[in-house]
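Trainee: Provided below for reference: sequence and predicted model.
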There are 4 protein chains.
Amino acid sequence: MAIEIRDPIHGTIPLSSGETAVVDSAEFQRLRAIKQLGFADISFPGATHTRFLHSLGVCHLAGEVFDHLFKVFPFSNISVRQRFRQVFRLAAMLHDVGHGPLSHTTEEVMPPLQDLKIGLYSQLRATKPDAETRATHEDYTIKYLTDSPLSDVLKANFSDISPVHIACLIDKSLKSPDDFFMDKGMDFRPILSQLVSGELDCDRMDYLERDSFFTGTNYGKFDRDWMISNLIPHMVDGKYYLGLNRRALYTFDDFLISRHHIHLMVYFHHKCIVYEEMLNRYLTSADCDFRLPSSIADYTKYNDFRLYEHLAASPNQWAQRIALKKPYKMFAEFHTTAENTRPEKLRDTLQAQGIDVIWASSKVRLSKYHSSTPEDRAYPIYVIDQYDRWDVPTPIDQTTEIFQKYEAARIIDRLYVDADHHAKAQEVMATVR
Amino acid sequence: MAIEIRDPIHGTIPLSSGETAVVDSAEFQRLRAIKQLGFADISFPGATHTRFLHSLGVCHLAGEVFDHLFKVFPFSNISVRQRFRQVFRLAAMLHDVGHGPLSHTTEEVMPPLQDLKIGLYSQLRATKPDAETRATHEDYTIKYLTDSPLSDVLKANFSDISPVHIACLIDKSLKSPDDFFMDKGMDFRPILSQLVSGELDCDRMDYLERDSFFTGTNYGKFDRDWMISNLIPHMVDGKYYLGLNRRALYTFDDFLISRHHIHLMVYFHHKCIVYEEMLNRYLTSADCDFRLPSSIADYTKYNDFRLYEHLAASPNQWAQRIALKKPYKMFAEFHTTAENTRPEKLRDTLQAQGIDVIWASSKVRLSKYHSSTPEDRAYPIYVIDQYDRWDVPTPIDQTTEIFQKYEAARIIDRLYVDADHHAKAQEVMATVR
Amino acid sequence: MAIEIRDPIHGTIPLSSGETAVVDSAEFQRLRAIKQLGFADISFPGATHTRFLHSLGVCHLAGEVFDHLFKVFPFSNISVRQRFRQVFRLAAMLHDVGHGPLSHTTEEVMPPLQDLKIGLYSQLRATKPDAETRATHEDYTIKYLTDSPLSDVLKANFSDISPVHIACLIDKSLKSPDDFFMDKGMDFRPILSQLVSGELDCDRMDYLERDSFFTGTNYGKFDRDWMISNLIPHMVDGKYYLGLNRRALYTFDDFLISRHHIHLMVYFHHKCIVYEEMLNRYLTSADCDFRLPSSIADYTKYNDFRLYEHLAASPNQWAQRIALKKPYKMFAEFHTTAENTRPEKLRDTLQAQGIDVIWASSKVRLSKYHSSTPEDRAYPIYVIDQYDRWDVPTPIDQTTEIFQKYEAARIIDRLYVDADHHAKAQEVMATVR
Amino acid sequence: MAIEIRDPIHGTIPLSSGETAVVDSAEFQRLRAIKQLGFADISFPGATHTRFLHSLGVCHLAGEVFDHLFKVFPFSNISVRQRFRQVFRLAAMLHDVGHGPLSHTTEEVMPPLQDLKIGLYSQLRATKPDAETRATHEDYTIKYLTDSPLSDVLKANFSDISPVHIACLIDKSLKSPDDFFMDKGMDFRPILSQLVSGELDCDRMDYLERDSFFTGTNYGKFDRDWMISNLIPHMVDGKYYLGLNRRALYTFDDFLISRHHIHLMVYFHHKCIVYEEMLNRYLTSADCDFRLPSSIADYTKYNDFRLYEHLAASPNQWAQRIALKKPYKMFAEFHTTAENTRPEKLRDTLQAQGIDVIWASSKVRLSKYHSSTPEDRAYPIYVIDQYDRWDVPTPIDQTTEIFQKYEAARIIDRLYVDADHHAKAQEVMATVR
């Protein structure tokens, strides 16, 4: 049965009956108990929104973006159009399905990748992981898609799409097993992949607006309508890439900077950071007995609720601090774009006096262009001028100056101590330059 | 330390250092893990907002309402003004602190009231409960205020206010132990009580807007600014009651109807209702071992997370249906203002065929005036005409016609069966009038 | 050239190249200088929005509503679908094109209808107006559509639609000249007409939300997404009417009451009303030389700017009061549902003392059902239950109780005097019951 | 009488009775007929908001900013506090009162400054204008404040403030005539001036959010609450300047970039620009008879309505193009940070072929720091670190890197021709590099 989901961001989100079956699976429902922003609700208490609704939002945007991009595009026939649209929506919906509880910090207690036994990797990936490689949430996503009850739901509901094709749009390192993404000799995988995961993808378009809304800040607002209206499919050497009409180039700048500022002001809020540090201390403690299972059936039971209940029951001091909301307190904060020796000096001075210090260093760059993988670089966004035939479509990092302007990473160093030592730490700080 | 909390509804909420200490208590932090709308996020996935932020919102509105009402009011001195404002903000902030996990349904497993050992009741209440009376969340609230670590935080931070005074604003049945609420021989308890809990209180003013925002619907929107600007303190026989300038009377009508419609469309959504029914079936099952403790220290550990983890671990079929999101499915829905025999006939017919049916009947009235306690009736809202001296201030239920218009309760009957029996149930329905 | 218009209510509004040609006509551009709410910006200074953007919004909603209603509807072929959608969008866009300057008050100075020489009326209307009948803004709309440069733009850009068909959707009293609205023997004119002008039309759906937004009040908010998702085409005797799924019936109630309350609180604001009264006094003054022309080419030059400039230049006291924003001031306001003799007594008493009084009586009913024309009654909205085959689709006024609840008209009487007489008027009021 | 104004941006704006008298003056009411964004409603039809409501919004923000800044500040007494707050609110409210019709383009037809006969300038300004200096809208503002019926309203309603003091907060070049801005030997004029007009002033804080709202774009959104909470008065050498807590430094960056992007995407929209160019062509035509009067009483009659009516009545081709909305059409657009010879070449080539071209070059810099007057530079904003005593408060341009990053001005060159020549112009463009 087709249903409609109500979302404060996108209004009514319609889902087909096949998509509804996916949403109803235990694997996808698990995302209802995984908050989108981990510990951010500590500082921004409205931010209790979940990866469940975010994932539906990304799926919805994927449909909207596809319809704009290919409104009048001459695919061979309607079924090609529908197939591409559907695989894109599913990849968008499921890109986060393997996410661990609370935040990326729990990747610390994921098992070795080889324990997940992901058959697809041996077939479609060039490189093999070594025995020590730890699984990531992306690996769980691929596992869910290709070897779990969710795979069966996908196969039962989408006869012309295989879970592998969905996986190919989420993981750029997988080889396409067939010509699924081809039409009239042209390859549509690059543009669809870019929109699932790239500098200007549906994931970001959803979460920036959503995180702004639920935190009650304005950093992530950007001009989504104008951006989407100005996306263009652009062909180079038989492959379609994402193109952007030049008249939306400042909109793109604004989008990147919005993302940069929401990172600095929300995701890097000093309270969120200290909770992540405390969780890390717990997960790496000798007495920590919280481990994420390699069995995908078991993994489905692990969510924020279970982790919070685990922490509440543990005698470990870091678990208790999280459970009882008694964090270490910040006494120093430094913003730089370069190395800074003062945090280390401060920490050492205090520790020499027997005061335990958490030193957290958070680093963000404006863009994936500054830190991208070979796969990302292989899929550029092209800027296209509609007025001027002399203006050749050019990769976006050669068109806007924003990447040069924000080339340097932004580093925020913070030092925290127990509330009882806060006054002492401030004193010490006044003496150490 | 005074802090500021960011809220998507009210913007920045400033808290004094004393209030911050209250917010930092484990008792108040517990509300972070209790969703405002219980199961409503099943149908409206944005509605994951918590009683924590709602409580802060009510406190903030209390401050705003107080400042408007008494802007130029000649209290004896500034400390009286501050005392009244502070006790009102604290009552607003703490009115829900005893709320049970998830929804009112868990009151089913609360202990006998006498086990809570609330000393205050024997001193300040006229009537005594009998041995069978079960505790409610309001009782836990009074317990928290007057006999828990939270009481100590209150006493330590507010030297001129006793927790009993806060309790008096939350529970109208408690006798005032002293002249705390008196100034210049006039009693301010009625108006402050009404604004903590009444037809037009800060609780409703916050949750209507908040629930609209997080669900993404528009039902709860009303003209808050205009309403607050038109509140007036009105004295009758030495007591101050809430007054409303007549020019905001339609705003009041709109407010009541907004509340009525959000009840019908959101709180009574058929999916929320079936989850509550299933939870009730679990909690009343012979094999249910979930009980809320009478020890207030233990109670602080009970929140939505714990209940969800409990359900996930229970073999009981209703617990599992909730945990795995496999609810019974609605096949019939009737809206009436009168008794309707068809639901019962339908249920009996199906059960005679061995099909289990959940029959849920939800009833809402426009207003507390239709179902109010003697205490509520003792505190009327007065409507005041600013132009016409012949127009005597009159209780609001004699001024607007809205109460007559909506006198009848609205009843929604729904019938649900297991998804496997849904087709059969529809067939039966087609034969039973 | 197809264009996109940015609207704070609907986001991006795409227009086809034919529609763009209509929008670019001088006749449609004229609406840029006619405010949607006449004098409402006096009290709500944000409300400077125009009939231009409102008309585009209604057109946009028409497309959305059509696509929902007929998503999977089996029209004979795609060109029928496109023809119906297009004529509906054009009627929606042009429904207000003949509106006079500022507010309905200027209809006072419109010429006799026969001077407009609307050929269509003699062909397609049963009844003939007599010589005294004054033209209304609806007549100018029909004139624009069928006999003006705008008609030529329509004919040049829409080969399969005649302006008469657009007129038929705006004016229910016109006979259809051909079988344009028929497909497979069924008549689609009723449902399309209802959505252009009816109890639940695109006009209202746009202006309620828009007026709320620009005034900064919340009265007109309703749950548009849910309403539109629940519209259904319903056939009776070979004609399609608008149907509403029962599950959106409270949404409909909320919509009607929202409209009622925005009327009472915004459109009937006492300052707007006195400006309309003063304009009426000017337009009916002996020395008034402002007349609306019967020539459609001249009429195109008449907008709010021209009227305001005319008023600024006139020596008439009412014109000057409007121009200089020196209105009479209200001293009495009465809200009733029945006749009230006190306003008249007050006025007479003051006028006997030589004090001029403006007495304005504003009356609103909840719904067109209470005051509808035979044409409106001929096109009912049907309520359809999706669960229960025993529940026969029924006209909405027999399904919801809202019409009975709000049967009585709401009357607001106000009395205004010059600011210099305000104190005196208040004194008199205190003596007259 | 104190009143409340409803604003969609700030909610209810309360005004004292003195402020209400100012708002009711014909001089201030004139702003109701001057749109905030000139021609921007051509492209963004929602943007019909006026300088009237903007001015009230700035006044309201001024009150909020003052209350945050000086919440616990130990002024000598309450009347000093009230005086500073009041003069600041009045300067904020009246900063734009002299604005000409439509846009800055009409400054072209302002009279010589000396015709305005502004007595204050000779007393309080060091430099004298020469005979050719043309008046600007700022000069009309000073004239209104100090020598018009508005001056009398100010004097009548604010006994402890002279219009000159208000003027001193708007025009930094005026010498203070007395010690009005001094308290306890410290000078508060710098900080108040900065907040009326500076890099981070109430004017910008209002218009960014307001213009975003009414245009329906997101460029101007910034985190206002956080910014205001982090403003600090900072004393240097006996003068108070505006300080900003370092933790809001990214908020400041976001604010500046928001402003930069709303400039590029909204204020510099190619359609707004061509209308301004056409207005300029009209105003500089030999047959133009539109002149702004030097008499302040006459000037009060000049608003957008009068200019639009004038244009509609003029036979001049540029006036007619504006009146009938028949603009030249853009065929080329170039974005650079450096000089570009191609626009000139294109224009010359076309004009050689007898085709008239409008070439518009729009230039924006991120910040006033890049182009500031000596007065602006004399009033720096200081950044203050709350954690680190080693961190000396430093002018903001030495703290954030944003000014360096955006040092280069952004230039947009556009070329427009009559619609009939558009195809030809595009052809030529394809041949000229």
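Mentor: Cool, got the structure.
Trainee: how about the residue of the stretch 201-350 of chain A found nearest chain B, what does it touch?
Mentor: Here the stretch 201-350 of chain A gets closest to chain B at one residue, A:Gly216, 3.4 Å apart by C-beta to the nearest C-beta. Every residue, glycine included, has its C-beta placed from N, CA and C. Counting by C-beta atoms under 8 Å, 6 or more residues apart in numbering or on different chains, A:Gly216 touches A:44, A:46, B:6-9, B:11.
Trainee: Then A:Pro393?
Mentor: Taking C-beta under 8 Å, 6+ apart, one finds A:234, A:243, A:382-385 in contact with A:Pro393.
Trainee: at 6 Å what do you get?
Mentor: Counting by C-beta atoms under 6 Å, 6 or more residues apart in numbering or on different chains, A:Pro393 touches A:234, A:382, A:384.
Trainee: How much space separates it from D:Glu427?
Mentor: Distance from A:Pro393 to D:Glu427, counting by C-beta to C-beta, to the nearest Å: 21 Å.
Trainee: For the stretch 301-433 of chain A, what lies in contact range of chain B?
Mentor: The stretch 301-433 of chain A comes close to chain B at residues A:305-306, A:308-309, A:324-325, as judged by C-beta under 6 Å from any C-beta of the partner chain.
Trainee: any idea where the strands of the stretch 251-400 of chain A begin and end?
Mentor: With DSSP state E, counting those that start in this stretch as the criterion, the stretch 251-400 of chain A has strands at A:329-336, A:358-364, A:382-384, A:394-395.
Trainee: do you know which of the ones you listed lies nearest chain D?
Mentor: Of all these, strand A:329-336 comes closest under C-beta to the nearest C-beta, at 5.5 Å.
Trainee: Strand partners (parallel or antiparallel) of that closest one?
Mentor: Its sheet considered, strand A:329-336 pairs with strand A:410-417 (antiparallel) by DSSP bridges.
Trainee: Figure out how far the strand it pairs with is from the centre of its chain.
Mentor: 23 Å (C-alpha atoms, centre = their mean, to the nearest Å).
Trainee: Can you name the residues of chain A that neighbour chain D?
Mentor: Residues of chain A lying near chain D (C-beta under 6 Å from any C-beta): A:217-218, A:221-223, A:250, A:254, A:257, A:261, A:264-265, A:332-333, A:387, A:389-390, A:405, A:430, A:433.
Trainee: one step back: among the contacts of A:Gly216, which are located in strands?
Mentor: Taking DSSP state E, the ones among these that sit in strands are B:6-7, B:11.
Trainee: now those residues as CSV including pLDDT, neighbour count and distance to chain C?
Mentor: Below are the ones in strands among the contacts of A:Gly216 laid out as CSV (pLDDT from 0 to 100; neighbours: other C-beta atoms under 10 Å in any protein chain shown; distance: C-beta to the nearest C-beta, whole Å):
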residue, pLDDT, neighbour count, distance to chain C
B:Arg6, 95, 23, 22
B:Asp7, 97, 23, 18
B:Gly11, 94, 16, 16
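Trainee: What is the nearest of those to B:Asp348?
Mentor: B:Asp7 (49.4 Å; C-beta to C-beta).
Trainee: So that closest one sits against B:Leu15, correct?
Mentor: No: counting by C-beta atoms under 6 Å, B:Asp7 stays clear of B:Leu15, with 11.4 Å between them.
Trainee: Which secondary structure element of chain A has the lowest mean pLDDT?
Mentor: When the helices and strands of chain A are scored by mean pLDDT, DSSP states H and E, helix A:374-377 comes last with a mean of 68.
Trainee: what sits against the residue of the stretch 301-433 of chain A found nearest chain D?
Mentor: Using C-beta to the nearest C-beta, the closest approach of the stretch 301-433 of chain A to chain D is made by A:Lys405 at 4.3 Å. Each residue near A:Lys405 by C-beta under 6 Å, 6+ apart is listed here: D:Lys405.
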